[in-house]
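> compute the structure for the input listed below.
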Amino acid sequence: MHEVRSMLEEFGRYSALQRDQAPLASLLIYLKRKGGYVQLNQIWRELGPAGGGPFWNQTTLINKLDKLERLEVVTMERRIIPSPRDEAKKKTNTFYRLSPTTPLYPYIFGMLKIYKQEPDKYSSELVAKPLDHLQKLASRSEGRDPLVGRELEVARELIGEVFSVGGDEVKRMIKERMARKGLIRGRKPVGKAVGEGDAKGEAGETGKAAPRKRRRSQRKEMHEPGSETAE
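Residues are numbered from 1 along each chain as shown. Model prediction:
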């Protein structure tokens, strides 16, 4: 508990030093989306000027990653891998990933706000002061396990804010979207075709069977003794 509080406080002090919070917030979101370890060269390629990212200086990117590592927000790993040009030569490469144990981990996507771009298509952008918002989200769960169901809760809160709807309506919207994408099974519609099929099935069992039963019973009566009329 104390370690979580001190880490959040230190992260808050570091966030306060950021004149522009967007680059650091974008870095955290990027690592969360990647999930595992990402090579430093790839991070620079995708978040630097070549990839249209927020970092224009590689030294700035490395400094932020080093600080996040000291805060235990990210973990760093060095790997010795063969050179792509000459397998006999080996060089050390640096990899980073967002640490799943950091109390910030479940709330990273909370720095985004979602908006509807066109029917059934959504986009996202950073909220105002995303790092401050991230810290507030993480501080709410102090004393609880931040990983249990918190990501889904954050998503529900975002959807509720975007569409101005309550919790029950948010759950219904999520279920409908998941059903359309085939992720869950929706309820089978009770339509006209089902009713007609049932009616035909019943007619096949009763409507046609009944006359046969009547014909068989009539033939039986005709051959029973005493059933013939006197002339």
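
> if I look at residue 79, how far off is residue 175?
42 Å (Cβ to Cβ, to the nearest Å). C-beta coordinates here come from the backbone N, C-alpha and C atoms, glycine included.

> over to residue 120?
Taking Cβ to Cβ, one finds residue 120 at 15 Å from residue 175.

> so which helix or strand takes in residue 32?
helix 22-34 (DSSP states H and E).

> residue 120 and residue 175 - which one has more neighbours?
Counted by other Cβ atoms under 10 Å, residue 120 and residue 175 do not tie: residue 175 has more neighbours, with 13 against 9.

> helix, strand, or coil at the more buried one?
Recorded secondary structure, residue 175: helix (DSSP: H, G, I helix; E, B strand; the rest coil).

> could you check the pLDDT of it?
Listed pLDDT for residue 175 reads 74.

> so how far is residue 156 from it?
For residue 175, the distance to residue 156 equals 12 Å [Cβ to Cβ].

> before we move on, what about residue 113?
Distance from residue 113 to residue 156, by Cβ to Cβ: 14 Å.

> residue 92 too?
As defined by Cβ to Cβ, residue 92 lies at a distance of 43 Å from residue 156.

> show me where this protein has its strands.
For the chain, the strands defined by DSSP state E cover 38-39, 74-82, 90-98, 112-118, 121-126.

> may I see the buried residues of the fourth one?
Residues of strand 112-118 classed as buried: 112, 113, 114 (neighbour count, 16 or more other Cβ atoms under 10 Å).

> between those residues, which is nearest residue 55?
residue 112 (18.7 Å; Cβ to Cβ).

> quick one, what contacts the closest residue to that closest one other than its chain neighbours?
Spatial nearest neighbour of residue 112, excluding adjacent residues (Cβ to Cβ, 6 or more residues apart in numbering): residue 124 at 4.2 Å. By Cβ atoms under 8 Å, 6 or more residues apart in numbering, the residues touching residue 124 are 112, 113, 114, 115.

> can you give me the helices in the protein?
Using DSSP state H, the helices found in the chain span residues 2-16, 22-34, 40-47, 58-70, 130-140, 150-163, 167-180, 192-202, 209-223.

> among the ones you listed, which comes closest to residue 84?
Nearest of the helices of the chain (Cβ to Cβ): helix 40-47, 11.3 Å.

> quick one, grab the pLDDT at residue 100.
At residue 100, pLDDT is 92.

> which helix or strand in this structure has the lowest average pLDDT?
Ranking every helix and strand in the chain by mean pLDDT, DSSP states H and E puts helix 192-202 at the bottom, with a mean of 43.

> tell me the angle the helix holding residue 32 makes with strand 121-126.
Angle of helix 22-34 versus strand 121-126, following axes from the mean of the first three to the mean of the last three Cα atoms, to 10 degrees, is 130 degrees.

> and helix 22-34, what does it pack against?
helix 40-47, helix 58-70, strand 90-98, strand 121-126, helix 130-140 (3 or more Cβ pairs under 8 Å, 6 or more residues apart in numbering; DSSP states H and E).

> using PDB, list the CA coordinates for the first one.
Listed in PDB are the C-alpha atoms of helix 40-47, where the atom choice follows Å, rounded to 0.1, in the frame of the first residue of the first chain:
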ATOM      1  CA  LEU A  40      14.100   0.700 -28.800                       C
ATOM      2  CA  ASN A  41      14.800   1.200 -32.500                       C
ATOM      3  CA  GLN A  42      11.200   0.300 -33.300                       C
ATOM      4  CA  ILE A  43       9.900   2.700 -30.700                       C
ATOM      5  CA  TRP A  44      11.900   5.500 -32.200                       C
ATOM      6  CA  ARG A  45      10.900   4.500 -35.700                       C
ATOM      7  CA  GLU A  46       7.200   4.600 -34.900                       C
ATOM      8  CA  LEU A  47       7.100   7.400 -32.300                       C
END
